Each structure stands twice: as C-alpha cells, then as structure tokens.
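Student: Predicted model and sequence below, questions to follow.
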Amino acid sequence: MAKTPADFVFFWKPDQPYGWAGQWYPSPFTARVTLHDDEERDVFFPTAEHWMMAQKALLFGDKDIFERIAGPPLVSGASTSPNQSEGAGPRRSKRSRPSKTASASPAQASPKKHRAPSPKEVKALGRKVKNFDEATWVRERTRIVLEGTLHKFRQNPDLRRELLATGEKEMVEASPLDRVWGIGMGEKKALETCGSAEGREAWGLNLLGRALGEAREVLRAEFRDEGEGEGEGEGEGIDGGGVATETLRSG
C-alpha cells in the first residue's frame, strides 16, 4: 500500500521533534509494583526507561538491580510532577497498577532523597540483570513496555495530548542503531523508503512505535470526554533508549 511521509511520525532523540515519544524523555510517573515476596511498593519513575529496566529486574528476580533503579519507597507529601493524573483503564497485570499516591491530580507523593540514575545508567543496569532468559524476555517485554507507556501518558496530560494529536499516523522510532525498538535507520533514509511496502520491508521491528500506536488507541477511548482524541498532528523525530510494543531492548 502506497504511503507518504505525512502518514508517519518519526522520532528518535529526546531533544528532537517528537522527542516526547521516546523512552528517555523526562516523563515522571508513579506506579505500584509487586515485588517477589508479594510486598507492594509505590515507585517513582523519572522516565519510561526506568520503568522498563526495573520491570526487567523484577521479572528475573534481581532485587539488587531493581533497588538501584527504583530507589527508596515513596513518601506522602510533595508532588512528584505537576502533570500527573492516572486515568481508569483496562486490566493491568498483578505486577503493576497505578499507585494510590498517583491517583490524585497532582499526585501527592515524592521519592525520598535519592539520586535517580540517568536513562543511560538505567540501560546499563538492565544489561546486568542476573538470571536473564531471552525467551522469557521476548514473551514479557511487550506487556512491560505497553504498561509503562500507558502510565507515562496517563500521568502526563501534556504529553498525552501530543500523542493523541498524531491521529492515525504511524509512530516510527527512526533510530539507525536499533532494529528492534526502532527501524534501524535514521529519518532521512526512512523518508526515502516509507512510500512503498517494499521499502518498508527493510525496516526493523519498530516495537516502540507499535507500542505507542496501541497505547494511543487505549488512551483515546479513556480520555474521549476530555476532547483530546480529535487532533491530527503532524510527525517528526526523537531518541534516547527507545522501547516498543513487541520486544524490549535487552540491553
């Protein structure tokens, strides 16, 4: 099927157009997670990358890596973000649900004093997760990234409006370095190949782009009353540590 560049939103790095779409873009949110001893904890995540790698650590039972990413438990009081507001939504897995501290608008929670690792540091920690099993990761990574994407956009209304304003355009992580979460080529080359099915066959899996598209549909239904799902924005690009809906970057 023939398409034009106007049918796509290309993103990669956080400081580029549409940078908000990527995993490394500052987009704080809180969520309640279930640890392996069935303890529940409200955790503050500065970016979706922090969420992904923390969940990866939980998946394989690496408590040390999880603690290094998540930091100390939240305490009630100050607001973590002026934008946080978690909406109702579809069923979530037992390992994650909106934090009670994130249900207010703004959220009434803040992390104890803790220097959160950067997205780059978090990615490196994710590569050190013990007991990693590729087949298990492939099976679970889509769910993990989609859940994190929904938390991110539910609790950051400005970013949610940006995503919904892309209408039905295909979200594409135009990263020349990643053929799993992205397409394995930059925006310039993507523009040269996006017009035909044959050209797009050379693209990578674009799992982050696909996760964003799936999340957009969920959010459009959830926030219809806000009138946020009617926009037809135009596309461009971002980066960082992108993720997607079918497979998570194993490091």
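Tutor: That came in fine, so what should we check first? Numbering: from 1, shown residues only.
Student: okay, and for the stretch 51-200 of the chain, where does confidence drop off?
Tutor: Along the stretch 51-200 of the chain, segments meeting pLDDT under 70 span 75-114.
Student: Which stretches in it count as strands?
Tutor: For the stretch 51-200 of the chain, the strands defined by DSSP state E, counting those that start in this stretch occupy 74-76, 96-98, 109-111, 170-173.
Student: Mind listing the strands the longest one pairs with, and their directions?
Tutor: Strands that pair with strand 170-173, judged by DSSP bridges, come out as strand 8-11 (parallel).
Student: quick one: stretch 146-161 to chain centroid distance?
Tutor: A distance of 8 Å separates the centroid of the chain from that of stretch 146-161, by C-alpha atoms, centre = their mean, to the nearest Å.
Student: Between the two ends of that stretch, how far is it?
Tutor: 18 Å (C-alpha to C-alpha, to the nearest Å).
Student: Pull out the buried positions in that stretch.
Tutor: 146-157, 159-161 (16 or more other C-beta atoms under 10 Å). To be clear about C-beta, it is placed using only N, CA and C from the backbone, and glycine gets the same treatment.
Student: Let me know how buried residue 163 is, in neighbour terms.
Tutor: Residues within reach of residue 163, counting by other C-beta atoms under 10 Å, total 26.
Student: My guess is it contacts residue 216. True?
Tutor: Yes. Counting by C-beta atoms under 8 Å, residue 163 touches residue 216, with 5.5 Å between them.
Student: re the thing from before, can you name the two of the buried residues of stretch 146-161 that sit furthest apart?
Tutor: Spatial extent of these (C-beta to C-beta) is set by the pair 147 and 161 at 20.7 Å.
Student: What about the buried residues of stretch 146-161, which are in helices?
Tutor: 146-154, 157, 159-161 (DSSP state H).
Student: The residue nearest to the spatial centre of the chain and residue 159, how far apart?
Tutor: By C-alpha atoms, centre = their mean, the mean C-alpha position of the chain lies nearest to residue 149, the distance being 3.6 Å. Distance of residue 149 to residue 159, given as C-beta to C-beta, to the nearest Å: 10 Å.
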